[in-house]
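Asks: Kindly return the folded structure for what I paste below:
(one chain, ligands or ions: 1)
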Amino acid sequence: MVFKSANSDKNKRTSEEIYRQACNVIPGGVSRNTVYHKPHPFYAAHASGCYVTDIDGVQRIDFANNMASLIHGHAHPPIVEAVIEQLHKGTAYTMATEAEVAFAELLCNRIGGFEKVRFVNSGTEAVMSAIKASRAYTGRPKIAKAEGAYHGTYDFAEVSQTSNPSNWGDITKPNSIALAHGTPTGVLDDVIVFPFNDIEKTIAILDKHAEKIACIIIDPVPHRVGLVQGTPEFIEALYKWTRKNGALLVFDEVVTFRVNYGGAQEKYSVRPDLTALGKIIGGGFPVGAFGGRTDVMKVLDPRESKVLFPHSGTFSANPITTTAGRVAMELFDKEAVLKLNSMTNIAIRQIEDAVKIAGVPVSLTGAGSMFRFHFTAAPPKTYREAYQSKELVSLIDELLDFIYFSEKIMLINTCACMFSTAITQKEVDRLSEAMLNGFRFIKPMLEKIHQKTI
Ligand SMILES: Cc1ncc(COP(=O)(O)O)c(C=O)c1O
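Replies: Residues are numbered from 1 along each chain as shown. Presented below is the predicted three-dimensional model:
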């Protein structure tokens, strides 16, 4: 389906025109593939709370929140004020700042597994640094990760992120599949892939490499695996395995930190040795952080006679990010987390009603303030169950376009919602109404796909 832009003012430049210019200087015209949109991406003009207006003059309700990173929506006044005050004092200094210490203290007080923390500039960097710290601490080369899990763009972390039926191999020994063409085979050899939430198979796979594994990295509610929660039994089994075999357990809570006040880890009986954070802790600015046990984090300590993991970063812990992040997290207190989660639950219930009214095979998975749609009656339990055929992917694109253009609502491009505290019942009602319309729109196409696969 091709939709027309709403801009009728001839003097204003349209998204289409800017995109043409962008294609001359940026590959594919976009700086990140997630914002690419057919026939062209849309350019933001301004945003406030949970509403974003593009330069074509169309306002949309935002349930994507810059890929789950804006926990208070756009331009939240207390964050804006604090950042402006800091901007006048400078943005980065080749010196440490009080802002970073205050923010580090907040995170260490808040997260059970954090004794020490370091800031970086993205979730990718946080995951990479946690992996490197694990290697430095254990002196081992390999990592283990769940098939399909997204952990950012570090070579090792992205292995088997998009494995598919033609290459994923037997489930008892999933293949390590490169994402980027040209990934060295050495990288693939050092990444052990296991099936999420399958204790027996995972332990058998890990056992084969026991002496070489530095860490197991796990996202407790991995989006690409289906936004399915890690069972307590599975997480405990991973933890026990690491204790027995001298490896570390690393949580990737770049997205899931929003789930509870102390992150998704709060609900498990075991604590990770290290945790990677990002997204919401930046208050809208680029951020990452990794933290955990003091003895492990010591590998970074410049006072040691031998620094096992030398680590720096030009903009790491800059005072703009640490100020914005601190204010955002102070406002995202225990009460705000619970309130946001219950608003999300209301939305889920209303959408489940819409699914029934429309009579479509759609299910929802998620945790806390995030949920994802699946186009099967029963929610998937594994990456291989959640895997979508080309036909299903194009149907989801049709639905996303319908919701974006006709209903004026932005979702995450996997068909997921990441709520912000700016969302009220009014926007939830609009979302459920829009989804009902969307389900009715895709119903005939969805039925055809299901008939073919039966
Ligand atoms: C679970 C997870 N880990 C790591 C990352 C990487 O974060 P960033 O995009 O800030 O590099 C992401 C980004 O979406 C993520 O979802």
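
Asks: Give me every residue in this structure lying close to the ligand.
Replies: For the chain, the residues in contact with the ligand under the definition Cβ under 6 Å from any ligand atom are 67, 122-124, 127, 150-152, 219, 223, 252, 254-255, 278. Any C-beta I mention is one placed from the backbone N, CA and C, and that applies to glycine too.

Asks: For the residue in the stretch 351-454 of the chain that the ligand sits nearest to, which non-adjacent residue is closest in space?
Replies: Residue nearest to the ligand within the stretch 351-454 of the chain (Cβ to the nearest ligand atom): residue 412, separated by 9.6 Å. Spatially, and ignoring its direct neighbours in sequence, residue 412 is nearest to residue 64 (4.8 Å; Cβ to Cβ, 6 or more residues apart in numbering).

Asks: Identify the residues contacting the one you found.
Replies: Applying Cβ atoms under 8 Å, 6 or more residues apart in numbering, we find residue 64 in contact with 410-413, 417-418.

Asks: pretty sure residue 164 contacts residue 387?
Replies: Yes: using Cβ atoms under 8 Å, residue 164 makes contact with residue 387 at a distance of 6.9 Å.

Asks: who has more neighbours, those two?
Replies: Comparing residue 164 with residue 387 by other Cβ atoms under 10 Å, the one with more neighbours is residue 387, at 19 against 12.

Asks: pretty sure that one is in contact with residue 165, am I right?
Replies: Yes: taking Cβ under 8 Å as the definition, residue 387 is a contact partner of residue 165 at 7.1 Å.

Asks: so the residue of the stretch 351-454 of the chain closest to the ligand makes contact with residue 419?
Replies: No: between residue 412 and residue 419 there is no contact under Cβ under 8 Å: 11.1 Å.

Asks: Name the residues contacting each of those two.
Replies: residue 63.

Asks: Could you check which of these two has the larger neighbour count?
Replies: residue 419 (25 against 19).

Asks: wouldn't that one be in contact with residue 68 here?
Replies: No: taking contacts as Cβ under 8 Å, residue 419 lies outside contact range of residue 68: 9.3 Å.

Asks: For the closest residue to residue 171 other than its chain neighbours, give me the pLDDT.
Replies: Among residues not flanking residue 171 along the chain, residue 195 sits closest, at 5.7 Å (Cβ to Cβ, 6+ apart). As predicted, residue 195 sits at a pLDDT of 98.

Asks: before we move on, back to that, what's across from the residue of the stretch 351-454 of the chain closest to the ligand in the sheet?
Replies: Residue 412 forms beta bridges with residue 416, as assigned by DSSP bridges.

Asks: picking up where we left off before, tell me which of the contacts of residue 64 has the lowest pLDDT.
Replies: Lowest confidence among those: residue 413, with 93.

Asks: quick one on the thing from earlier: can you pull the contacts of the residue of the stretch 351-454 of the chain closest to the ligand?
Replies: Here residue 412 is in contact with 63-64, 67-68, 372, 418 (criterion: Cβ under 8 Å, 6+ apart).

Asks: swap the cut-off to 7 Å and go again
Replies: 64, 67, 418 (Cβ atoms under 7 Å, 6 or more residues apart in numbering).

Asks: Let's see which of these end up in strands.
Replies: residue 418 (DSSP state E).

Asks: with the contacts of residue 412 in mind, which one is nearest to residue 333?
Replies: Closest to residue 333 out of those is residue 418 (19.1 Å), distances taken as Cβ to Cβ.
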